[in-house]
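> Model the following, please.
(chains A and B)
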Amino acid sequence: MPPRPRARVPLHPRLAHAAVPLLFVLLCVLGAIAGHITPLFLIREMLARFARNAVLVLSLLVPILAGLGLNFGIVIGAMAGQAAAIVVTLWGVRGIAGFALAWVLAAPIAVVLGIATGWLFNRARGREMVSGLIAGFFANGAYQLVFLFAVGSLIPFHAREVLLPQGFGLRNTIDLDGIQYAVDDLIPLRVVLEGSPVRVPLATFAIIGLFCALNLFFQRTKLGQELRAMGQDPHVAAIAGIPIERNRVIATVISTVFAAWGQLFFLQNLGTLNTYSSHEQVGMFSIAALLVSGATVTRATVGQAILGTLLFHTLFVVSPIAGRVLLGDAQIGEFFRVFVAYAVISVALVLHAWQKGSRKSSS
Amino acid sequence: MVVEAAAPAERAGALETLREQLREVGIPRLVIGVFLLALFGIAVATHMDLRGLITDSLLRVARNGLLVLALLPAIQGGLGLNFGLPIGIVCGLVACVITLNAGMAGWPALGLTALIGAALAVPAGIGYGWLLNRTRGQEMMVGTYLGFAVVSGLSIFWTMAPFHNSLLVWAIGGRGLRTTLTLAGFYDRLLDKLWSFPIAGVSIPTGTLLVFAAACALVGLFFRTRAGLTIAAARSNPRFARAAGISDERTRVQATVFSTVLAAVGIVVFCQSYGFVQLYTAPLLMAFPAVACLLIGGATVSRASLTHVVVGTLLFQSILTVALPVTSQVIQGDITETARLIIQNGMILYALTRRGER
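Sure, this is the predicted structure:
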């Protein structure tokens, strides 16, 4: 990637960027030592968790490039992915064909929802992040309306085994065994760690690599360059004749579609769908994961997305175990990791607004 | 000729005033109002216990009123919708736990709890306001996530805090506060029952309503005092205010403190009426329904009044109360929660995306 001019910020930027991930590494290492966690155990956990979450985190990059900030609306993309997973499961299409079909089905839904979200972001300029968050809540209501009430009553539905006993509405959990490990086991590979075979989702890693490459490639295309110009200075970009509003919608659509596909990766690894809650925390955890790498609201790279996913989910594994060993209560560790997720996002938002404010007042 | 020309102009004028009036009432307020009337209509048509519905509605209006009112100073101070309400709410919750732990009951307990809550909210509000001054333009997002972080951080506090009253901590292990603490025997519904009287089968929670009304009056009066006018002036024109010797940094902190203190007292009143203190994740999303109330009342991101607070709380809380029993006659399952999500967040989205509201 070509070197980019660094933004003029009052804090020493390199130090600030390195401080957050370093702090996180420290937390993880201390937690691992306290919880007596062996590296092998950690590797085994991380293989699955990285495969699950990486694409979701990568889906955040394009809106950041375009200056839209952190896209809290990826929750909406995740819902599109879930809708597709539900349909594929009902049709009984199994294995990699089922997964591919889910991808194909999820894309148009995500495109439509992405356009709607992008339109919303254009109406709420300067407030994209809070609007994205609320839009996610709103979409959750609409999602419930469809899957908890309309399915089986307004929408004809025959698979009674996935319906609630009342005859309409989907059950709280849906077994996705048809597409479970569809991609992970495309290239079956087991490595024996500590005497037990561990699944290495090689194909998933390959696709994650592909997504990384796609992101990098996209930044070099004309559209990618336009988005970068918009992210750096929307006024200059507008004068240069870049169709800002249209491009912002496109950036949102790309992000939403990636999020839908990312959620499908998540589900195929997990194997069960919590119909009404699997998507809820996708935005918060993905965004927190991106930010722990030192990424900011205005600047995030593919490398940071990967690093952040690894670091954040290491903490996710370590924290409850360390909590149990140190304080005799795994619950505290769980509270702690949620707290860290929210705190990391808060700090990033504060730093972003703070730096923006001081830049404005100094110029 | 002149007369003929005037007639269409007059008609256009009449149309204009109609449109103006419609704008004054606000389309969302109108839609929600009609929706509420329809719900009551169904209730009447199906011979439901209308008195019970109205009683419950009134109770919930009184219960939630202060939390909605707490948003007003923040808007007056130019901080937008205060999604950081949970910061004040947890101050009130800490106060509840402190007095419960000490085993206090009755009026002194309630008064002291509100006092401690308010006292805790002052430094919290100063810190929050200071941070919001550093993060201008992103107050709503920063407030939202700060609130989330504080609530989740407090979750750790609840499990580890040195409270030992056996009524509050888990029976097993003897450590960590329970998720829900009952107020029965402490100050459960104390205000609700104060001077409470039945009228046409509807019981009026006089005490809580009076507290809400008094708080409204207090806020209204405050914004007529010198300090209050200063806050509003700094909001509407920071540069002019600065020229007049008013620092809008100061007034914004004052507004935040005021909002946070009201939230702390508000949650104490809420708990008193609800009969339970809910800890851990319960306060996480409490700001959003309150914000929706205010917006339904006709407020915008930058403008709000006492009328908006009262009307909005009446409309939204009544809908939430009436919707469940009424819809459950038609639809199986609880559609209220889903409807709440859609109305509440649709309303907030509408407010955030209104053009010319910066």
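> Which single residue of the stretch 151-300 of chain A ends up nearest chain B?
residue A:166 (4.9 Å; CB to the nearest CB). C-betas here are computed from N, CA, C, even on glycine.
> How about that residue: what's its closest non-neighbour residue?
residue B:332 (4.9 Å; CB to CB, 6 or more residues apart in numbering or on different chains).
> same deal with residue A:177?
Closest to residue A:177 by CB to CB, 6+ apart is residue A:271, at 6.2 Å.
> hang on, the earlier thing: now for the residue nearest to residue A:166, how many residues are close by?
For residue B:332, the neighbour count with other CB atoms under 10 Å in any protein chain shown is 16.
> circling back to that earlier point, contacts only, for the residue nearest to residue A:177.
Applying CB atoms under 8 Å, 6 or more residues apart in numbering or on different chains, we find residue A:271 in contact with A:175-177, A:180-181.
> about what we covered before: which stretch of helix or strand covers the residue nearest to residue A:166?
Residue B:332 is part of no helix or strand when elements are defined by DSSP states H and E.
> Could you name the helices and strands sitting against whichever helix or strand residue A:288 is part of?
Assigned by DSSP H and E, residue A:288 falls within helix A:282-291. Applying 3 or more CB pairs under 8 Å, 6 or more residues apart in numbering or on different chains; DSSP states H and E, we find helix A:282-291 packed against helix A:39-58, helix A:74-91, helix A:128-144, helix A:244-270, helix A:302-327, helix A:330-362.
> In the chain, where is pLDDT below threshold?
Here I'm looking at chain A. Low-confidence segments of chain A (pLDDT under 70): A:1-17, A:357-363.
> should've been chain B
Regions of chain B meeting the criterion pLDDT under 70 cover residues B:1-13, B:22-25, B:333, B:355-358.
> Can you convert the helices and strands packed on helix A:282-291 into TSV and add a column each for distance to chain B and mean neighbour count?
Output for the helices and strands packed on helix A:282-291, formatted as TSV (distance: least, CB to the nearest CB, whole Å; neighbours: other CB atoms under 10 Å in any protein chain shown):
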stretch	distance to chain B	mean neighbour count
helix A:39-58	18	20
helix A:74-91	12	26
helix A:128-144	3	24
helix A:244-270	13	25
helix A:302-327	7	22
helix A:330-362	3	19
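> Tabulate the ones you listed (CSV), appending distance to residue B:60.
Output for the helices and strands packed on helix A:282-291, formatted as CSV (distance: least, CB to CB, whole Å):
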stretch, distance to residue B:60
helix A:39-58, 38
helix A:74-91, 29
helix A:128-144, 20
helix A:244-270, 36
helix A:302-327, 37
helix A:330-362, 29
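> Checking residue B:83 next. Helix, strand or coil?
The assignment at residue B:83 comes out as coil when based on DSSP: H, G, I helix; E, B strand; the rest coil.
> Restrict stretch B:37-51 to CA atoms and write it as PDB.
Taking C-alpha atoms only, stretch B:37-51 is exported to PDB below (Å, rounded to 0.1, in the frame of the first residue of the first chain):
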ATOM      1  CA  LEU B  37     -57.100   6.500  20.100                       C
ATOM      2  CA  ALA B  38     -57.600   3.400  17.900                       C
ATOM      3  CA  LEU B  39     -56.200   1.200  20.600                       C
ATOM      4  CA  PHE B  40     -58.500   2.700  23.200                       C
ATOM      5  CA  GLY B  41     -61.300   2.400  20.600                       C
ATOM      6  CA  ILE B  42     -60.600  -1.400  20.400                       C
ATOM      7  CA  ALA B  43     -60.500  -1.600  24.100                       C
ATOM      8  CA  VAL B  44     -63.900   0.000  24.500                       C
ATOM      9  CA  ALA B  45     -65.400  -2.000  21.600                       C
ATOM     10  CA  THR B  46     -64.200  -5.300  23.200                       C
ATOM     11  CA  HIS B  47     -65.400  -4.300  26.700                       C
ATOM     12  CA  MET B  48     -62.000  -4.300  28.200                       C
ATOM     13  CA  ASP B  49     -61.300  -3.000  31.700                       C
ATOM     14  CA  LEU B  50     -60.800   0.600  30.500                       C
ATOM     15  CA  ARG B  51     -60.300   1.900  34.100                       C
END
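> what comes up buried for it?
B:39-40, B:43, B:48 (16 or more other CB atoms under 10 Å in any protein chain shown).
> One more: stretch B:337-355?
Per 16+ other CB under 10 Å, stretch B:337-355 contains these buried residues: B:338-353.
> Which ones, among these, also lie beside chain A?
Filtering these for proximity to chain A (criterion: CB under 8 Å from any CB of the partner chain) leaves B:338-342, B:344-346, B:348-349, B:352-353.
> Point out the residues in the stretch 201-350 of chain B that sit beside chain A.
For the stretch 201-350 of chain B, the contact set with chain A under CB under 8 Å from any CB comprises B:288, B:331-333, B:335, B:337-342, B:344-346, B:348-349.
> coming back round to it: I'd like to know which of the contacts of residue A:271 are buried.
Buried subset of those (neighbour count, 16+ other CB under 10 Å): A:176, A:180-181.
> count of residues packed around residue A:23?
14.
> a helix runs through it, doesn't it?
Yes: counting by three-state DSSP, one finds residue A:23 located in a helix.
> Next, work out how far apart it and residue A:336 are.
Distance, residue A:23 to residue A:336, using CB to CB, to the nearest Å: 14 Å.
> just to revisit the earlier point, nearest to residue B:157, of the helices and strands packed on helix A:282-291?
Taking CB to CB, helix A:330-362 is the member of the helices and strands packed on helix A:282-291 nearest to residue B:157, at 9.3 Å.
> quick one: that closest one to chain centroid distance?
Its chain's average C-alpha position is 17 Å from that of helix A:330-362, according to CA atoms, centre = their mean, to the nearest Å.
> quick check: angle from it to helix A:128-144?
Note on geometry: by axes from the mean of the first three to the mean of the last three CA atoms, to 10 degrees, helix A:330-362 and helix A:128-144 are set 140 degrees apart in direction.
> where do the strands sit along chain B?
All strands of chain B, identified by DSSP state E, fall at B:180-182, B:197-199, B:202-204, B:276-278.
> Tell me which of those strands is the most buried.
A comparison of the strands of chain B by mean neighbour count, using mean count of other CB atoms under 10 Å in any protein chain shown, puts strand B:276-278 on top with a mean of 20.
> and it, how far from the chain's centre?
17 Å.
> OK, contacts around the residue nearest the centre of chain A?
Closest residue to the average C-alpha location of chain A: residue A:56 at 2.9 Å, with CA atoms, centre = their mean. For residue A:56, the contacting residues are A:74, A:78, A:259, A:262-263, A:265-266, A:282, A:286, by CB under 8 Å, 6+ apart.
> could the buried ones among the contacts of residue A:271 go into JSON lines alongside distance to chain B and secondary structure?
Output for the buried ones among the contacts of residue A:271, formatted as JSON lines (distance: CB to the nearest CB, whole Å; DSSP: H, G, I helix; E, B strand; the rest coil):
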{"residue": "A:176", "distance to chain B": "24", "secondary structure": "coil"}
{"residue": "A:180", "distance to chain B": "29", "secondary structure": "coil"}
{"residue": "A:181", "distance to chain B": "33", "secondary structure": "coil"}
